[in-house]
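>>> Got a sequence here, can you build the structure:
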Amino acid sequence: MPKSILAVNAGSSSVKITFYTFDNPPRTIVDAAISGITAPPSTLKYQAGGRKHKEELKEKLSTAQDAFKYLLQRCFSDPELSEVASADDVEYICHRVVHGGDYRDAVEINDETLGHLKGLEDLAPLHNFSALEIVRLCRSELPKVRSITFFDSSFHQTIPEAVRTYPINQEIAKANGLRKYGFHGISYSFILRSVAQFLNKPVEKTNLIVMHIGSGASICAIKDGKSVDTSMGLTPLAGLPGATRSGSIDPSLVFHYTNEAGKLSPASTSEMHISTAEDILNKQSGWKALTGTTDFAQIAVPNPPSEAHKLAFDIFVDRIQGYIGSYYVKLNGELDGVVFAGGIGEKSALLRRTLVDKCQCLGLAIDDVANDKGPGDEETVKDISKGSGKGPRVLICQTNEQVCGLKYWVLLTVTFALTSRGGVGFGYRLFLYTWIY
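You can find the predicted model right below:
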């Protein structure tokens, strides 16, 4: 029987897996996800073929490993899933890892690469730790299945040295990997290719300012199809504020906030070390700290329920506006389009309208009817510009980190597998992925 490919996405409080057929292009066999690991009760979502199921779980799943084991067993025990009855039916496991350090491409997990990634855990402890815990579990319990890892930071390896370098002692910086890396790269790669195709332009000649705006938000300047700057930095904390993240602040603020900043947070474990400062700025800030809610839909409304809600909205707009202006200059005004993506970017007509109104000096204009309507279910890219062709286009791209990331991982892994059998180099395998995409 042909084997399958398993794609895994471990977040800070969720685990999602998808089994695909080992075809070109792959076909989805089953999607399964558990959310609320850190805030029980956990919820299971399960979809196979035309069957959809959702339930609160009675089982206590306190770690990403627990959730992953549960999901595997759920899939393997499904009598209608003959294609994935056991681990023997799996050829490859593809893991999304947020922080890949200096890795430019996907890597196969071995002792050397796992050791390197272990050294990066402290740079993204809420994300990398969970992902690598599952990688380690797969190595011990599914030793015959090869694991491939893909990184959100890889897309930004083209950022110039002057942009990625922090003005600190460079011996210390290089010894500890302290520089700007950037994240949401899998999503930005998907958006770039989708928008370039929509504009009927070669990727390598496409210039964009792209916003991936969700609970975690970032913005990226893309010149000639390459990332030249992005708002996130050494970790995902820098740049724009988010649901619980502060975004960029005066570095000394946290030491005035509390004299416990350098101590370990109660959220730390023996394996995952989180300082009080990291906990405050990653989990106790953002618009939740201002309004009490992480739901931006309650903030982005014409008549906000409180002054705090209005302030949170205005802060978010101000920070994004500042990056748009900066990146417009970095692109020398040679801009094909401004792209809204991510859950908030795709859904909030008010945020899009407000930002475009504040950036009219750049030639941006929005069609109110198209903006209010938003993209249809089958529209990957939607043009909401007014007077199309007179200035940079204003676009919405429906991206989803899980969906677009899994597509990226699976396609690249299929080409990895198919071409490695013939001894073809990895660079050529990446070329094949681009061609297939």
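>>> longest single helix anywhere in the chain?
Selection of the longest helix in the chain by residue count, based on DSSP state H, yields helix 307-330.
>>> quick one: contacts of whatever helix or strand comes next after that helix?
Using DSSP states H and E, the helix or strand that follows helix 307-330 towards the C-terminus is strand 337-341. Contacts to strand 337-341, defined as CB atoms under 8 Å, 6 or more residues apart in numbering, come from residues 187, 191, 195, 199, 208-213, 324, 346, 351-352, 356, 359, 364, 392-399. C-beta here means a position set from N, CA and C on the backbone, and glycine is covered the same way.
>>> Now strand 337-341: average pLDDT?
Mean per-residue pLDDT for strand 337-341: 97.
>>> and if you look at stretch 325-332?
98.
>>> Name the residues of it that come out as buried.
Judged by neighbour count using 16 or more other CB atoms under 10 Å, the buried positions of stretch 325-332 are 327-328, 331.
>>> The longest helix of the chain relative to strand 337-341, how many degrees between them?
140 degrees (axes from the mean of the first three to the mean of the last three CA atoms, to 10 degrees).
>>> what packs against helix 307-330?
strand 208-213, strand 217-223, strand 226-230, helix 286-291, helix 349-358 (3 or more CB pairs under 8 Å, 6 or more residues apart in numbering; DSSP states H and E).
>>> where does the most centrally placed residue in the chain land on pLDDT?
Central residue of the chain (CA atoms, centre = their mean): residue 184, 3.7 Å from the mean position. As predicted, residue 184 sits at a pLDDT of 92.
>>> now do residue 59
For residue 59, the predicted pLDDT is 89.
>>> Please confirm that it is located within a helix.
No: Residue 59 is assigned coil when assessed by DSSP: H, G, I helix; E, B strand; the rest coil, not a helix.
>>> Could I get the pLDDT score of the residue lying closest to it once chain neighbours are set aside?
Closest residue to residue 59 apart from its sequence neighbours, by CB to CB, 6 or more residues apart in numbering: residue 70 at 6.6 Å. Residue 70 carries a pLDDT score of 95 in this model.
>>> okay, the helix or strand residue 70 falls within in PDB with CA atoms only?
Per DSSP H and E, residue 70 falls inside helix 64-76. The C-alpha coordinates for helix 64-76 follow below in PDB (Å, rounded to 0.1, in the frame of the first residue of the first chain):
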ATOM      1  CA  ALA A  64       1.900  19.100  23.100                       C
ATOM      2  CA  GLN A  65       3.300  15.500  23.300                       C
ATOM      3  CA  ASP A  66       0.100  14.300  25.000                       C
ATOM      4  CA  ALA A  67      -2.100  16.000  22.300                       C
ATOM      5  CA  PHE A  68       0.000  14.600  19.500                       C
ATOM      6  CA  LYS A  69      -0.200  11.100  20.800                       C
ATOM      7  CA  TYR A  70      -3.900  11.400  21.200                       C
ATOM      8  CA  LEU A  71      -4.400  12.700  17.600                       C
ATOM      9  CA  LEU A  72      -2.200   9.900  16.200                       C
ATOM     10  CA  GLN A  73      -4.200   7.200  18.100                       C
ATOM     11  CA  ARG A  74      -7.500   8.800  17.000                       C
ATOM     12  CA  CYS A  75      -6.500   8.700  13.400                       C
ATOM     13  CA  PHE A  76      -4.900   5.200  13.500                       C
END
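>>> What is the subsequent helix or strand relative to that helix?
strand 90-97.
>>> partners of that following strand in the sheet?
Applying DSSP bridges to the sheet, strand 90-97 is found paired with strand 4-10 (parallel), strand 146-151 (parallel).
>>> could you check the distance from residue 14 over to residue 25?
26 Å (CB to CB, to the nearest Å).
>>> again, but for residue 364
36 Å.
>>> Low-confidence stretches in the stretch 1-150 of the chain?
Applying pLDDT under 70 to the stretch 1-150 of the chain picks out residues 1-2, 12.
>>> Who are the packing partners of the helix holding residue 70?
So helix 64-76, by 3+ CB pairs under 8 Å, 6+ apart, packs with strand 4-10, strand 14-21, strand 28-35, strand 43-48, helix 128-141.
>>> Would you tell me which one of the ones you listed is buried the most?
Sort the helices and strands packed on helix 64-76 by mean neighbour count, taking mean count of other CB atoms under 10 Å, and strand 4-10 sits at the top with a mean of 26.
>>> What angle do helix 128-141 and that one make with each other?
Using the same axes, to 10 degrees: strand 4-10 against helix 128-141 is 150 degrees.
>>> what about dumping the CA coordinates of strand 4-10 to PDB?
Taking Å, rounded to 0.1, in the frame of the first residue of the first chain, the C-alpha atoms of strand 4-10 are listed here in PDB:
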ATOM      1  CA  SER A   4       1.400   8.700   3.500                       C
ATOM      2  CA  ILE A   5       2.900  12.000   4.700                       C
ATOM      3  CA  LEU A   6       2.100  13.500   8.100                       C
ATOM      4  CA  ALA A   7       2.300  17.200   8.600                       C
ATOM      5  CA  VAL A   8       2.500  18.600  12.200                       C
ATOM      6  CA  ASN A   9       2.000  22.100  13.400                       C
ATOM      7  CA  ALA A  10       2.500  22.600  17.200                       C
END
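>>> going forward, begin numbering at 45 instead of 1
Sure, I'll start counting at 45 from here, so that last one is strand 48-54.
>>> any idea how far residue 442 is from residue 247?
Taking CB to CB, one finds residue 247 at 19 Å from residue 442.
>>> The stretch 195-344 of the chain: helices as residue ranges?
205-208, 214-220, 229-243, 297-301, 320-327, 330-335 (DSSP state H, counting those that start in this stretch).
>>> buried residues in the fourth one?
The one in question is helix 297-301. So, applying 16+ other CB under 10 Å, buried residues of helix 297-301: 298, 301.
>>> And it, how far out from the chain middle?
28 Å (CA atoms, centre = their mean, to the nearest Å).
>>> what about residue 155, neighbour count?
8 (other CB atoms under 10 Å).
>>> For it, give me its contacts.
Contacts of residue 155 (CB under 8 Å, 6+ apart): none.
>>> and if we set it to 10 Å?
By CB atoms under 10 Å, 6 or more residues apart in numbering, the residues touching residue 155 are residue 183.
>>> Which residue comes closest to residue 254 once chain neighbours are left out?
Nearest to residue 254 is residue 383, by CB to CB, 6+ apart, at 4.4 Å.
>>> Give the bridge partners for the one you found, please.
residue 254, residue 439.
>>> mind giving me the domain split of this structure?
48-195+448-480, 242-291+329-441 (automatic domain parsing).
>>> Of all those, which one is nearest residue 223?
Comparing these against residue 223 with CB to CB, the closest turns out to be domain 242-291+329-441 (6.6 Å).
>>> before we move on, the earlier item: report the angle between the axes of the helix holding residue 114 and strand 58-65?
40 degrees.
>>> quick one: helix 108-120 to strand 72-79, angle?
Using the same axes, to 10 degrees: helix 108-120 against strand 72-79 is 140 degrees.
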